[in-house]
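> below: sequence and its predicted model.
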Amino acid sequence: MLKLDQGLIAQGDFQLRADFTLEAGRNYAVIGPSGAGKSTLLAALCGFVPLAAGKLLWEGRDITDAAPGARPMTMLFQDNNLFPHLSVLQNVALGLRPDFRIVAKDKEQIMAALTQVALADYAQVKPGKLSGGQQSRVALARVLVQARPLVLLDEPFAALGPALRNEMLDLLKATIAQTGAAMVMVTHAPEDVRRIADEVIFVEGGQALAPRPAGALMDDPPPELRAYLG
Ligand SMILES: Nc1ncnc2c1ncn2[C@@H]1O[C@H](COP(=O)(O)OP(=O)(O)OP(=O)(O)O)[C@@H](O)[C@H]1O
């Protein structure tokens, strides 16, 4: 589905090599030490950082130089990226129609996404009136309406307490699974890996290793991963 072919990502003096394929509908966790390059890897996949070498292929099509908005993926940002002056409905609508030209069918789709995240009654409310968990659910609804085949998340829900975080991760997994999208999530928490991931991309020593099945890897981690997990 998404192939990073002999990829090299450079940020100043920092370099990260990555060569792997992501399959449709799978959930991937990206883990590794602080500063190893997890965020940089995500930024390169979604086009905020160009590849210094190598190619990015989507179903065989070269998207190495495609602009972020032209890629088959969407990103859920840690801070939710909600606009305070817009209503919940308008914030979600931005995912569908950046020009706000919403027709009846779009509104139905937005309300369906808000229903999925249990916020249908909050469509006209401004984000500032919502709790942290509710704000995260608005951001998730915006991802859902975009219906892209790949969803990237960089430490989502980090601002939430443990119980709410787990609730959000479960909701995320269930709703994304309904769309059939694959998910790539950066996380620092081993328990998130077990909760959500089919496979793990371990980033360390200037390399993003190819995905490995999560259960087996976490049950019997290789020495570098064991050192990271502590
Ligand atoms: N804009 C930039 N210019 C130069 N170097 C950068 C830039 N952004 C990140 N880096 C460097 O790239 C390296 C990887 O950073 P990155 O944030 O991707 O790591 P990370 O694994 O996500 O870390 P953390 O777990 O702490 O968030 C670091 O050495 C960082 O200093």
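Okay, I see it.

> go through the least confident helix or strand in the chain by mean pLDDT and flag the buried ones.
In the chain, no helix or strand scores lower on mean pLDDT, DSSP states H and E than helix 223-229, which sits at a mean of 87. Buried residues in helix 223-229, counting neighbours by 16 or more other Cβ atoms under 10 Å, are found at 225, 228. Using the backbone N, CA and C atoms, a C-beta is placed for each residue, glycine as well.

> touching the helix of greatest length in the chain from outside, list them.
For the chain, the longest helix by residue count, based on DSSP state H, is helix 162-179. Contact partners of helix 162-179, identified using Cβ atoms under 8 Å, 6 or more residues apart in numbering, comprise 25, 27, 116-117, 132-133, 136-137, 140, 143-144, 147, 151, 153, 156-157, 160, 183, 192, 195-196.

> can you point out the buried residues in stretch 50-69?
The neighbour-count check on stretch 50-69 (16+ other Cβ under 10 Å) flags 51, 54, 56, 57, 58, 63, 64 as buried.

> off-centre distance for the longest helix of the chain?
Here helix 162-179 is found 12 Å from its chain centre; the criterion is Cα atoms, centre = their mean, to the nearest Å.

> make 809 the first number, not 1, from now on.
Sounds good: first residue 809 from here, last item helix 970-987.

> mind listing residues that contact the helix or strand following that helix?
Once helix 970-987 ends, the next helix or strand along the chain (criterion: DSSP states H and E) is strand 990-994. Residues from elsewhere that reach strand 990-994 (Cβ under 8 Å, 6+ apart): 809-810, 830-839, 846-847, 850, 853, 957-964, 980-981, 984, 1000, 1004-1005, 1009.

> now do the next helix or strand along the chain from strand 990-994, average pLDDT.
Using DSSP H and E, the helix or strand that follows strand 990-994 in sequence is helix 998-1004. On average, the pLDDT along helix 998-1004 is 90.
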